[in-house]
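Chemist: Predicted model follows, preceded by the sequence.
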Amino acid sequence: MEGRRSSTAYDEFKTHLRGASTVLRSKTPDLVQQELWGLLLAHFAIRQLMAQAAWRQALDPDRLSFMHAVRVIKRKLPQAAAVPP
């Protein structure tokens, strides 16, 4: 089970979140590391939102689609950015 979870997370991170053909743009090792941490943080945030949504509906979080969550977040992000602090 744990092997499946790690390979699923890797696939989500590499293929769906970052994009299979996307190359890291940073030119120095420190900035590459920062870019990777940012992607990992984004993956964690999406998975956390999915876990909360699943909990509210009494569902198993693994039953939710990562790509659907990414599409919903991309669609809603401009609206969230328009809210004043």
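Modeler: Structure's in. What do you need?

Chemist: Just the endpoints, please. Distance across stretch 52-66?
Modeler: Start-to-end span of stretch 52-66 (Cα to Cα, to the nearest Å) is 13 Å.

Chemist: tell me the average confidence for that stretch?
Modeler: The average pLDDT for stretch 52-66 rounds to 93.

Chemist: Name the residues that touch it?
Modeler: The contact list for stretch 52-66, computed with Cβ atoms under 8 Å, 6 or more residues apart in numbering, reads 12, 16, 46-47, 50-51, 69. For the C-beta atoms, the positions are set from N, CA and C on the backbone; glycine is no exception.

Chemist: just how off-centre is it within its chain?
Modeler: 15 Å (Cα atoms, centre = their mean, to the nearest Å).

Chemist: any weak-confidence spans in the chain?
Modeler: Applying pLDDT under 70 to the chain flags residues 1-7, 10, 13-22, 83, 85.

Chemist: out of the contacts of stretch 52-66, which are buried?
Modeler: 12, 16, 46-47, 50, 69 (16 or more other Cβ atoms under 10 Å).
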